[in-house]
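Undergrad: all I have is the shape, not the residue letters:
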């Protein structure tokens, strides 16, 4: 096998392994990125979310820059997940996008929770680009196990 063919095979392997065009000539990649539109927010995992837990509470913090009003985001909580969807509006005015890591527009994300939570006691606050959700653990069924009486089969 000649060295050119070996290099092309290695390039193909590197591209597959790294998930990108690893050998794009310097400068060409920057130009390509400038000409591309940002990926839809949901493909990037937007909004980014951190979840902190204690024995009885969860604190979910979602980074959502660009919300103009509370009506621009909806939060739905069921016993095992949080679904956040909404719309952001970030504009650079007279500037063109040179690099974009978070988009503007509609987004939707569902986040699984580490344990079941109550849907009747939720606190939500938006401050400085972050959505804070305070959730409370759903108490376990405290009912004691009931002994089941078994009748004889031959009666």
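TA: All right, it came through fine. As the structure is a computational prediction, the values presented were derived from the model and not from experiment. Residues are numbered from 1 along each chain as shown.

Undergrad: who are the packing partners of the lengthiest strand in the chain?
TA: Within the chain, and with DSSP state E defining each element, the longest strand by residue count is strand 117-127. In terms of contacts (3 or more Cβ pairs under 8 Å, 6 or more residues apart in numbering; DSSP states H and E), strand 117-127 is packed against strand 73-77, strand 130-137. In short, each C-beta sits where N, CA and C put it, glycine included.

Undergrad: partner strands of that strand, with direction?
TA: Strands that pair with strand 117-127, judged by DSSP bridges, come out as strand 130-137 (antiparallel).

Undergrad: still on that earlier bit, the longest strand of the chain vs strand 73-77, what angle?
TA: Computed with axes from the mean of the first three to the mean of the last three Cα atoms, to 10 degrees, the direction of strand 117-127 lies at 160 degrees from that of strand 73-77.

Undergrad: for residue 52, find the nearest of the helices and strands packed on strand 117-127.
TA: Ranking the helices and strands packed on strand 117-127 by their distance to residue 52 (criterion: Cβ to Cβ) puts strand 130-137 first, at 10.0 Å.

Undergrad: quick one: buried residues of that closest one?
TA: The neighbour-count check on strand 130-137 (16 or more other Cβ atoms under 10 Å) flags 131, 133, 135, 137 as buried.

Undergrad: for those residues, which one is nearest residue 109?
TA: Within the buried residues of strand 130-137, proximity to residue 109 (Cβ to Cβ) peaks at residue 131, which comes in at 11.1 Å.

Undergrad: what bridges to the residue nearest to that closest one when sequence neighbours are not counted?
TA: For residue 131, the nearest residue in space outside its immediate sequence neighbours is residue 62; the separation is 4.3 Å by Cβ to Cβ, 6 or more residues apart in numbering. Listed beta-bridge partners, residue 62: residue 49, residue 131 (assigned using DSSP bridges).

Undergrad: ok so residue 139 is a strand residue?
TA: No: counting by DSSP: H, G, I helix; E, B strand; the rest coil, residue 139 is located in no strand; its state is coil.

Undergrad: three-state assignment of residue 67?
TA: Going by three-state DSSP: residue 67 is coil.

Undergrad: tabulate the buried residues of strand 130-137 in JSON lines, adding columns for pLDDT.
TA: Rendered in JSON lines, the data for the buried residues of strand 130-137 read as follows (pLDDT from 0 to 100):
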{"residue": "131", "pLDDT": "91"}
{"residue": "133", "pLDDT": "93"}
{"residue": "135", "pLDDT": "93"}
{"residue": "137", "pLDDT": "92"}
